[in-house]
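# Structure for the following, please:
(one chain, ligands or ions: 1)
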Amino acid sequence: MVTTKSAPVNQCSKPTGWLGRFTLWRMNSSHSKLTDWGLSHIPIESHYTILDVGCGGGTTISKLAAIATQGKVYGVDYSEESVAATMKTNTQWINRGRAEVHPGSVSELSFPDNTFDLVTAVETHFWWPNLPGDMREVLRVMKPGGALILIAEVYKGAISAVSKLAEKHAAQTGMTLLTVNEHRELLTNAGYSNAQVIEERSKGWICSLGGKQYNSQP
Ligand SMILES: C[S@@+](CC[C@H](N)C(=O)[O-])C[C@H]1O[C@@H](n2cnc3c(N)ncnc32)[C@H](O)[C@@H]1O
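Sure thing, here's the model as predicted:
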């Protein structure tokens, strides 16, 4: 739900307390179909090392761990409540050594250069504080040949009521809402190769894909 800089918006950008726990529980199911649709656009191999940025309630990590059967999935989120929820959702994967969750911001990822085959970010990039810089930070931790996918149901020009409301109040909420073309430019300007944006206009869904070239400079 988007109103102004009120409690419901803050719970989406950085969940806290009981309302945050409730919001995360709700998002685990409300984002599930969108996430499946987005992930269907990329190959995910069984050995992949994957990072999910802004992991929220942790459902994306569960989905990825079930696909990357020989790999490992890491989550990062700057909300303590989100980290706790993701750990709870993924207790079995964590106990098996197939998932790990780290507190932290996308702006300063605590991973070495060239670590991940795939980075995912579902319904989160529009909250990042410095989108161009944060995209470069994500690129840093991607392996050459790796891929990023941003999945969202809120973007500029979408026909859905929630997107229109988000656009109207973006100045108050601090959301960075981009058009399809602006998403493509964001990826290209940050140094990603093969930038591609796929829109499911009737549902108001978007996914933006970019790769890291083998000769990419840090
Ligand atoms: C709307 S929720 C989406 C959660 C989850 N990806 C999903 O699809 O349900 C956005 C999440 O991104 C996290 N987030 C927002 N800005 C962040 C940042 N700068 N660094 C790390 N996490 C961030 C929030 O704490 C929240 O858990």
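# what's the burial count for residue 37?
By other Cβ atoms under 10 Å, 16 other residues sit near residue 37. (Each C-beta comes from the backbone N, C-alpha and C, glycine too.)
# Oops, could you answer that again for residue 67 instead?
Residue 67 has 14 neighbours, counted by other Cβ under 10 Å.
# residues touching the residue in the chain that the ligand sits nearest to, list them.
Ranking the residues of the chain by distance to the ligand (Cβ to the nearest ligand atom) places residue 56 first, at 2.2 Å. Applying Cβ atoms under 8 Å, 6 or more residues apart in numbering, we find residue 56 in contact with 15, 24, 27, 28, 31, 77, 82, 85, 86, 122, 123, 124.
# other SSEs contacting the longest helix that the chain contains?
In the chain, taking DSSP state H as the definition, the longest helix is helix 17-30. Applying 3 or more Cβ pairs under 8 Å, 6 or more residues apart in numbering; DSSP states H and E, one finds that helix 17-30 contacts helix 7-13, helix 80-89.
# Okay, strands next: where are they in the protein?
Under the criterion DSSP state E, strands of the chain are mapped to 49-53, 72-77, 99-103, 116-122, 142-152, 193-200, 205-211.
# Any chance of JSON lines for those strands, columns mean neighbour count and mean pLDDT?
Shown next, in JSON lines, are those (neighbours: other Cβ atoms under 10 Å; pLDDT from 0 to 100):
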{"stretch": "strand 49-53", "mean neighbour count": "25", "mean pLDDT": "98"}
{"stretch": "strand 72-77", "mean neighbour count": "26", "mean pLDDT": "98"}
{"stretch": "strand 99-103", "mean neighbour count": "19", "mean pLDDT": "98"}
{"stretch": "strand 116-122", "mean neighbour count": "25", "mean pLDDT": "98"}
{"stretch": "strand 142-152", "mean neighbour count": "22", "mean pLDDT": "98"}
{"stretch": "strand 193-200", "mean neighbour count": "16", "mean pLDDT": "98"}
{"stretch": "strand 205-211", "mean neighbour count": "24", "mean pLDDT": "98"}
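# mind giving me CSV with those strands and columns for distance to the ligand?
Converted to CSV, these look like this (distance: least, Cβ to the nearest ligand atom, whole Å):
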stretch, distance to the ligand
strand 49-53, 6
strand 72-77, 4
strand 99-103, 9
strand 116-122, 4
strand 142-152, 8
strand 193-200, 16
strand 205-211, 12
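# where does the protein have low pLDDT?
Scanning the chain for pLDDT under 70 picks out the ranges 1-7, 216-218.
# same thing but at 90, please
Scanning the chain for pLDDT under 90 picks out 1-12, 162, 171, 215-218.
# Name the residues of it found near the ligand, please.
12-15, 27, 31, 54-57, 60, 77-79, 82, 105-106, 122-124, 127-129 (Cβ under 6 Å from any ligand atom).
# Which of these are buried, as a PyMOL select command?
Here is the PyMOL command that selects only those of the residues of the chain next to the ligand that count as buried (16 or more other Cβ atoms under 10 Å):
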select buried, resi 12+13+14+15+27+31+54+55+56+57+60+77+78+79+82+105+106+122+123+124+127+128
